[in-house]
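**Q** quick one, fold the following:
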Amino acid sequence: MKAAQNRFRYIHTGSGLSYNSPPPHHPLHAWATPQVLLLMLFTLLTTGCSSFLQLTNDPNKAAADELGYRTLGTVIEDESIEGRLLNKFTQLSPALSEANVKVTSFNGVVLITGTVKSKALRDQAEEIAKATIPQIRMIHNELAINNTYNSAAVDQWISARIKARMLFTEQFPASKIKVTTHNRVVYLFGMLTQSESNWAVNIAKQTKGVRKIVKIIEPLDATVPKTATGQEQR
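**A** Coordinates of the predicted model:
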């Protein structure tokens, strides 16, 4: 009964919104010391607002240097897209509302992850997104079908660890990147140069537990197409 009551609770991870039940006991809980939890909290909070701080603390910064940073309005709109789309799933599809579905938005590019029972539900999620949220510019549907998912705690730890490494890597533009993880697959969002993109992938590769890295990147280099995606296999 208690698990059923918690099923539709929003969980904000700092890299998207999702419906989730509390994860089962996991061996990683053993190292969940106050110091580690504080590090995770600090990382999630600072990456959530760092784009705004980067733009406002130095008003004389050249426009070229600001390229790739989301404005405060864009950050707010991305948060709105995540919540509104999950609400649409609830309103229009009871089966989707009961599934483990997570929505992440960055600059209007939406990633849908989680697990559903059929291809029809997977396709339905994408159709709802296309039909109901006009602010979405692109959709990456990574919903898995009939896949057992029990690694929520591991995923949150991986994302927090990668964000922490980015924050404490000298001269790395951590506030230009959004990181989310599902089933140990790391998704990297951002408006980045090729060198920044490679740098982000290398940081993610160094994190224990990562199974695969998927780049959802809008390149800033003039020589590459406006929008591109790629994958890095572990």
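
**Q** can you tell me the closest non-neighbouring residue to Ile177?
**A** Counting by C-beta to C-beta, 6 or more residues apart in numbering, Gly190 is the residue found nearest to Ile177 once chain neighbours are left out, at 4.3 Å. Yep, even glycine has a C-beta here, placed from its N, CA and C like the rest.

**Q** what strand or helix carries the one you found?
**A** For Gly190, the host element (DSSP states H and E) is strand 185-192.

**Q** give me the helices and strands touching that strand, please.
**A** Packing partners of strand 185-192 (3 or more C-beta pairs under 8 Å, 6 or more residues apart in numbering; DSSP states H and E): strand 100-106, strand 109-116, helix 152-167, strand 177-182, helix 194-205, strand 212-219.

**Q** which residues does the residue nearest to Ile177 form a beta bridge with?
**A** Ile177, Ile217 (DSSP bridges).

**Q** tell me how many other residues surround it.
**A** As a burial measure, Gly190 scores 27 neighbours (other C-beta atoms under 10 Å).

**Q** dump the helices and strands packed on strand 185-192 into TSV; add mean pLDDT as well.
**A** Converted to TSV, these look like this (pLDDT from 0 to 100):
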stretch	mean pLDDT
strand 100-106	94
strand 109-116	95
helix 152-167	95
strand 177-182	94
helix 194-205	94
strand 212-219	94
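
**Q** can I get the ones you listed in JSON lines including distance to Ile76 and mean neighbour count?
**A** As requested, those are arranged in JSON lines below (distance: least, C-beta to C-beta, whole Å; neighbours: other C-beta atoms under 10 Å):
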{"stretch": "strand 100-106", "distance to Ile76": "11", "mean neighbour count": "25"}
{"stretch": "strand 109-116", "distance to Ile76": "15", "mean neighbour count": "24"}
{"stretch": "helix 152-167", "distance to Ile76": "20", "mean neighbour count": "22"}
{"stretch": "strand 177-182", "distance to Ile76": "14", "mean neighbour count": "27"}
{"stretch": "helix 194-205", "distance to Ile76": "24", "mean neighbour count": "18"}
{"stretch": "strand 212-219", "distance to Ile76": "19", "mean neighbour count": "21"}
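
**Q** export these to CSV and tack on distance to Glu79?
**A** Output for those, formatted as CSV (distance: least, C-beta to C-beta, whole Å):
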stretch, distance to Glu79
strand 100-106, 8
strand 109-116, 12
helix 152-167, 17
strand 177-182, 11
helix 194-205, 22
strand 212-219, 17
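
**Q** so which of those comes closest to Asp78?
**A** strand 100-106 (4.1 Å; C-beta to C-beta).

**Q** just checking: what are the partner strands of that closest one?
**A** strand 17-19 (antiparallel), strand 109-116 (antiparallel).

**Q** tell me the angle of the last one relative to helix 152-167?
**A** Here strand 109-116 points in a direction 160 degrees away from that of helix 152-167 (axes from the mean of the first three to the mean of the last three C-alpha atoms, to 10 degrees).

**Q** low-confidence stretches in this protein?
**A** 1-66, 221-234 (pLDDT under 70).
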